[in-house]
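Colleague: Build me a structure from this.
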Amino acid sequence: MPTAFTHAAVALAANIALPSQNRRPRLAALAVVCAIVPDLDILGFSFGLPYGHLLAHRGFFHSPFFNFVAAFAIMGVCFRDIKTCSPKWFRFFLYLLLVGASHGLLDALTNGGLGVAFLAPFDSTRFFLPWTPIPVSPIRIRSFLSPWGWEVLKSELLWVWVPCFSAAWLARMVQGLPPKEFGGV
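Modeller: All right, here's what the predicted structure looks like:
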């Protein structure tokens, strides 16, 4: 798994890329929660769940199905002031869903573990992406403050942070261009 810092960075970069009328501190904070919360499934180890269990690490809570439910629940609890299924509600919901889904995709880019149960709860098969450039992050803080932890951070900066914040910067630049720059679109 990538570090919690990297999952949060993806959410913040996505927030930077949003059009200014959609950028809100509360939405950004909730996006960070959506990006990080799937890793709470490591608590399953404390309850004796084996790694490959549906509710264990990289199982159900890393699936798009869970991301959908979580984004819907957040919209229902935190954005009750927005009419359900209105264009604004749908934009916020989609943003939270995609930021949450980024967690599983990033984990599938790592080189360790059993893979991600993208199809849970319907199928417990675990998957990696064909390319896994990110070393798996240590879970224990002591291990994180080691050469291994430093290698993980360097890799995440290169493969996740730089592309995400570059894309966010590019999106902001494009948003600042007048419509005529896009052929009148």
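Colleague: How far off centre is the helix or strand of the chain with the lowest mean pLDDT?
Modeller: Lowest by mean pLDDT, DSSP states H and E among the helices and strands of the chain is helix 141-144, with a mean of 75. Remark: helix 141-144 is offset 22 Å from the chain centroid, using CA atoms, centre = their mean, to the nearest Å.
Colleague: so after it, what's the next helix or strand?
Modeller: Reading on from helix 141-144 to the C-terminus, the next helix or strand found by DSSP states H and E is helix 147-156.
Colleague: Outside of that next one itself, list whatever touches it.
Modeller: Applying CB atoms under 8 Å, 6 or more residues apart in numbering, the external contacts of helix 147-156 come out as 2-3, 5-6, 133-138, 143-144. For the C-beta atoms, the positions are set from N, CA and C on the backbone; glycine is no exception.
Colleague: Kindly report the same for stretch 131-140.
Modeller: In contact with stretch 131-140 (CB under 8 Å, 6+ apart) are residues 1-3, 42, 106, 108-113, 144, 146, 148-149, 151-152, 155-156, 159-160.
Colleague: what's the spacing between that stretch and its chain's center?
Modeller: With CA atoms, centre = their mean, you get 15 Å for stretch 131-140.
Colleague: So which bits of it are buried?
Modeller: By 16 or more other CB atoms under 10 Å, the buried positions in stretch 131-140 come out as 134-135, 137-138.
Colleague: Can you measure across that stretch, start residue to end residue?
Modeller: 25 Å (CA to CA, to the nearest Å).
Colleague: Check the model's average confidence along it for me.
Modeller: In this model, stretch 131-140 carries a mean pLDDT of 87.
Colleague: Helices along the protein, start to end?
Modeller: 4-17, 25-36, 43-46, 64-78, 87-108, 141-144, 147-156, 162-176 (DSSP state H).
Colleague: Figure out which of the ones you listed is closest to Ser124.
Modeller: Smallest distance to Ser124 across those (CB to CB): 12.2 Å, for helix 64-78.
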